[in-house]
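Visitor: What shape does this take:
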Amino acid sequence: MLQGKIAIVTGSTSGIGLGIATALAAEGCGILLNGFGDKAEIERIKKKLGDEHKVRVAYSPADMTKPADIRGMVKLAVDELGGADILVNNAGIQHVAPVVDFPEDRWDAVIAINLSAAFHAAKAALPHMTQKGWGRIINIASAHGLVASGEKVAYVTAKHGLVGMTKVIAIEAANSGVTCNAICPGWVLTPLVQKQIEARAAAQGIPYQQAHDDLLREKQPMLQYTTPEKIGGLAVFLCSEAASTMTGTALSIDGGWVAQ
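Guide: Residues are numbered from 1 along each chain as shown. Purely as a prediction, here's the structure:
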């Protein structure tokens, strides 16, 4: 369906980003991976994606706190793979603390990686998309882009900002063939969250399954985690012709979190 398109997916060496990159590769997209990690593991991911889906895969180590790195990442996609048709702004970090105790350097880092990086990437990629008359920008926001939780001031601020940025880009690009949408996941079962569940079970002396369900129950009516594969499927749909008039939307995939 997306044969010949080139997708840049930030933060795609694991978790949600890798799930999205895999789903797009399965549809015929060339992929530019980005993220930190063991070099050998990144090479293994590159080879696996390319071999399984018969697509070209490249990698950029761009630091999402550095605008020049981000511009270089988009240039690499164009120079090495031949385009920048799809941009998925997924890279993100988290820090948890009350506002009065929140470290200023952590605030700056969360805003830089979760919000400013998406601006710099979109600014660099948009001219390539509008020149071709086709493009898709998908911002991975969060349920926290729509509602708040305590002790997550930087993350909630960044994700709300990302939803606002999505709307502005959508309006500006409305008649250029480019759409911009945000995906807002709730709890997603990534290796990072699995470790959180295990730590919770150990700390409270409760079975893993109880810790698993308790974490969900705090926020979601549906006691089921979203998976990176499901988010990948939604990203593929947003790139399809069926979604060509969907733009400026914030799409929840959160087990009913924000319905309450």
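
Visitor: Okay, and the beta partners of Ala182?
Guide: Asn139, Ala250 (DSSP bridges).

Visitor: quick one: it from Ala97, how far?
Guide: Using CB to CB, to the nearest Å, Ala182 is found at 25 Å from Ala97. C-beta: built from backbone N, CA, C; applies to glycine.

Visitor: And the two? Which one has more around it.
Guide: Ala182 (28 against 14; other CB atoms under 10 Å).

Visitor: any idea of the mean pLDDT in stretch 190-200?
Guide: Mean per-residue pLDDT for stretch 190-200: 89.

Visitor: I meant to write stretch 38-53 there.
Guide: On average, the pLDDT along stretch 38-53 is 98.

Visitor: Can you pull out the residues in contact with that stretch?
Guide: 13, 18, 21-22, 25-26, 28, 31, 33, 35, 55-59 (CB atoms under 8 Å, 6 or more residues apart in numbering).

Visitor: CA atoms only for it - export them in PDB, please.
Guide: Listed next in PDB are the C-alpha coordinates belonging to stretch 38-53 (Å, rounded to 0.1, in the frame of the first residue of the first chain):
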ATOM      1  CA  ASP A  38      23.700  -1.100  21.400                       C
ATOM      2  CA  LYS A  39      25.200  -0.800  17.900                       C
ATOM      3  CA  ALA A  40      25.100  -4.500  17.300                       C
ATOM      4  CA  GLU A  41      21.400  -4.700  18.300                       C
ATOM      5  CA  ILE A  42      20.600  -1.700  16.000                       C
ATOM      6  CA  GLU A  43      22.300  -3.500  13.100                       C
ATOM      7  CA  ARG A  44      20.300  -6.600  13.900                       C
ATOM      8  CA  ILE A  45      17.100  -4.600  13.800                       C
ATOM      9  CA  LYS A  46      18.000  -2.900  10.500                       C
ATOM     10  CA  LYS A  47      18.900  -6.300   8.900                       C
ATOM     11  CA  LYS A  48      15.700  -8.000  10.200                       C
ATOM     12  CA  LEU A  49      13.400  -5.200   9.000                       C
ATOM     13  CA  GLY A  50      15.100  -5.100   5.600                       C
ATOM     14  CA  ASP A  51      15.300  -8.900   5.100                       C
ATOM     15  CA  GLU A  52      11.800  -9.600   6.200                       C
ATOM     16  CA  HIS A  53      10.000  -6.900   4.400                       C
END
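
Visitor: List the buried residues in it.
Guide: Ile42, Ile45, Lys46, Leu49, Gly50, His53 (16 or more other CB atoms under 10 Å).

Visitor: Turn those residues into CSV, columns for distance to Gln131 and secondary structure.
Guide: Output for the buried residues of stretch 38-53, formatted as CSV (distance: CB to CB, whole Å; DSSP: H, G, I helix; E, B strand; the rest coil):
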residue, distance to Gln131, secondary structure
Ile42, 30, helix
Ile45, 30, helix
Lys46, 27, helix
Leu49, 27, helix
Gly50, 27, helix
His53, 26, helix
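
Visitor: Tell me the one of the residues you listed nearest Lys219?
Guide: Nearest to Lys219 among the buried residues of stretch 38-53, counting by CB to CB, is Ile45 at 30.4 Å.

Visitor: For Gly30, see how far away that closest one is.
Guide: Counting by CB to CB, the separation of Ile45 from Gly30 is 15 Å.

Visitor: Now a ChimeraX select for only the buried ones of the contacts of stretch 38-53.
Guide: In ChimeraX, this line selects whichever of the contacts of stretch 38-53 come out buried by 16+ other CB under 10 Å:
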select :13,18,21,22,25,26,31,33,35,55,56,57,58,59
